[in-house]
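Student: coords below, sequence missing:
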């Protein structure tokens with residue numbers, strides 16, 4: 001059942017903010033005292049909540065006096081100065097305001113079809129495997145706790161008090177949309193309560209101190225929109241911005257055109273062998289002329305946003321069918337069949353929402369030439385890693401499970417502040433028989449698109465099988481969530 005607050009906008013309204021007063025160290029401190037939140041002990045492992053169902057017990061701890069149903073802060077029995085001693089406390093001892101309701105029950109539940117630009121990515125960049133790795137961020141979280149705990153907050157210092165407001169989701173929430181009228185309203189909520197707190201914490205750890213003026217911190221990483229290209233993520237977290245002269249930019253563009261031209265020839269060979277016609281593609285022979293330097297983004301990770309009517313409980317039921325036992329390295333690999341063709345009314349209109357979203361986030365990382373991504377409705381957030389032809393995805397982090405800390409951990413990985421070993425990010429478990437049974441030619445000839453049903457966890461009796469057991473599965477299209485039967489969040 002959906003939280004009652006989704007159907008009653010009044011339950012989302014947060015407490016009235018304290019009266020305005022002169023901004024002094026003492027007055028700002030008083031505001032923090034009035035807004036003090038119940039601290040939340042953090043754990044990982046088996047104590048996981050399912051999906052985004054509000055509950056008083058969360059994967060990262062419990063909070064008996066904090067109502068996740070309303071997302072309202074409650075007064076702690078500890079002095080607030082003792083609750084927030086460092087950056088780690090600022091990211092973990094706060095309650096996240098719940099996602100506002102959508103303006104009408106049955107609206108904003110669809111997502112875009114696959115585009116020709118997404119289909120046209122190079123053959124070498126096509127997605128082949130999905131790897132569910134629930135504990136993906138757990139090793140980074142251990143290091144994150146050390147880093148954040150080593151960055152103290154001095155409540156006698158006005159600069160520290162002001163800076164800390166960037167890390168508390170409650171502070172900006174009253175200025176955000178109180179009803180979701182479009183996907184565009186999800187952006188401000190994710191920006192202000194998840195991404196910006198993570199960015200503020202990252203910069204503070206880089207500088208090794210907390211200051212009020214963000215200008216005193218390194219200018220990057222930073223949050224930005226993406227340029228108007230064929231494949232556009234909703235947000236990108238940038239490592240840097242470079243300014244290229246016209247000639248350098250032209251050479252880079254022509255080099256990319258040649259790479260795509262060579263890749264299309266290989267794909268055409270497979271298409272003809274599978275009974276399809278070669279693709280009709282046109283490549284520019286030269287880059288556009290320009291007179292001014294070009295600003296080039298150097299991205300770290302992409303962000304794709306969806307409303308919680310799109311991301312309903314059953315949307316990713318195939319991806320998350322493996323139970324999350326909280327075990328380090330526990331994973332399950334699934335085969336993904338890339339569409340064979342694209343034309344108006346073709347394969348792209350046959351794809352279920354699950355497949356379309358997977359293709360969307362994958363192509364965004366390919367387009368940006370990066371290996372890290374994030375998918376969020378604010379109600380739920382999943383973190384993604386691209387490695388070769390495989391897409392790894394973490395467990396789902398509900399809004400009540402401090403996703404701002406998870407975003408910080410993912411930023412550490414994207415910025416290579418933390419690097420994973422093979423044990424922490426294991427290679428996809430691909431049985432040898434898949435090379436024949438699930439070859440591209442066979443999948444295309446059979447019309448298979450998206451997740452291959454014989455490789456989904458629930459289709460192999462709840463545990464991964466190797467060798468002949470996996471090879472006996474029949475190739476067919478894995479049906480996605482039935483949009484009409486989804487439970488509303």
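Tutor: Cool, the structure landed. Here the structure is a predicted model, which means the values were calculated and not measured.

Student: so residue 114 touches residue 359, yeah?
Tutor: Yes - applying CB atoms under 8 Å, one finds residue 114 in contact with residue 359, separated by 5.5 Å. Quick note: C-beta positions are derived from backbone N, CA and C, even for glycine.

Student: list residues touching both of the two?
Tutor: Counting by CB atoms under 8 Å, 6 or more residues apart in numbering, the contacts common to residue 114 and residue 359 are 339, 351.

Student: of those two, who's got more company?
Tutor: Per other CB atoms under 10 Å, whichever of residue 114 and residue 359 has more neighbours is residue 359, with 25 against 21.

Student: what helix or strand is that one on?
Tutor: helix 353-368 (DSSP states H and E).

Student: that helix - contacts with which helices or strands?
Tutor: Secondary-structure packing of helix 353-368 (3 or more CB pairs under 8 Å, 6 or more residues apart in numbering; DSSP states H and E): helix 116-119, strand 294-305, strand 372-376, strand 380-387, strand 390-393, strand 450-451.

Student: so what's residue 190 up against?
Tutor: Counting by CB under 8 Å, 6+ apart, residue 190 touches 235, 303, 305, 376, 378, 381.

Student: switch the cut-off to 7 Å
Tutor: Residues near residue 190 by CB atoms under 7 Å, 6 or more residues apart in numbering: 305, 376, 378.

Student: filter those residues to the buried ones?
Tutor: By neighbour count, with 16 or more other CB atoms under 10 Å, the contacts of residue 190 hold 305, 376, 378 as buried.

Student: of those residues, closest to residue 393?
Tutor: Nearest to residue 393 among the buried ones among the contacts of residue 190, counting by CB to CB, is residue 376 at 12.4 Å.

Student: might one say that the closest one is in contact with residue 305?
Tutor: Yes - counting by CB atoms under 7 Å, residue 305 is a contact partner of residue 376 at 6.0 Å.

Student: tell me the SS of residue 243?
Tutor: Assigned by DSSP: H, G, I helix; E, B strand; the rest coil, the conformation of residue 243 is strand.

Student: where do the strands of the stretch 151-300 of the chain begin and end?
Tutor: Here the stretch 151-300 of the chain has its strands, by DSSP state E, counting those that start in this stretch, at 222-224, 235-244, 294-305.

Student: buried residues in the longest one?
Tutor: For strand 294-305, the buried set under the neighbour-count rule, 16+ other CB under 10 Å, comprises 294, 297, 299-305.

Student: just stretch 172-184 next, same as before
Tutor: Those would be 172-173, 176, 180, 183, for stretch 172-184 by 16+ other CB under 10 Å.

Student: let's have those in CSV, adding pLDDT.
Tutor: Below are those laid out as CSV (pLDDT from 0 to 100):
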residue, pLDDT
172, 91
173, 91
176, 95
180, 95
183, 93
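
Student: out of those, which sit inside helices?
Tutor: Counting by DSSP state H, the part of these found in helices is 172-173.

Student: how about the buried residues of stretch 172-184 in a markdown table, adding distance to residue 366?
Tutor: A markdown table is the format used below for the buried residues of stretch 172-184 (distance: CB to CB, whole Å):
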| residue | distance to residue 366 |
| --- | --- |
| 172 | 33 |
| 173 | 34 |
| 176 | 31 |
| 180 | 29 |
| 183 | 22 |
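
Student: just the buried residues of stretch 172-184 now: which is nearest residue 425?
Tutor: Closest to residue 425, out of all of the buried residues of stretch 172-184 and judged by CB to CB, is residue 183, at 30.7 Å.

Student: which of the buried residues of stretch 172-184 sits closest to residue 120?
Tutor: Proximity of these to residue 120 (CB to CB) peaks at residue 183, which lies at 24.3 Å.

Student: give the contact list for the closest one.
Tutor: 108, 305-307.

Student: how about the residues you listed, which pair is most distant?
Tutor: It's 108 and 305 that sit farthest apart of the contacts of residue 183, by CB to CB, at 11.6 Å.

Student: for the nearest residue to residue 363 once chain neighbours are set aside, what are its contacts?
Tutor: Of all residues not flanking residue 363 in the chain, residue 118 sits nearest, at 4.3 Å (CB to CB, 6 or more residues apart in numbering). By CB under 7 Å, 6+ apart, the residues touching residue 118 are 231, 359-360, 363.

Student: count of neighbours near residue 101?
Tutor: What residue 101 shows, counting by other CB under 10 Å, is a neighbour count of 23.

Student: wait, doesn't it sit right on residue 179?
Tutor: Yes - assessed by CB under 7 Å, residue 101 is found in contact with residue 179 at 6.2 Å.

Student: which regions of the stretch 251-400 of the chain sit below the pLDDT cut-off?
Tutor: 251-293, 342-350 (pLDDT under 70).

Student: thinking again about what came up before, and the contacts of residue 190, which is closest to residue 434?
Tutor: Using CB to CB, the contacts of residue 190 come closest to residue 434 at residue 376, 31.3 Å.

Student: show me the contacts for the closest one.
Tutor: Per CB under 7 Å, 6+ apart, neighbours of residue 376: 190, 194, 303, 305.

Student: what's the closest of those to residue 328?
Tutor: Closest to residue 328, out of all of the contacts of residue 376 and judged by CB to CB, is residue 194, at 24.8 Å.
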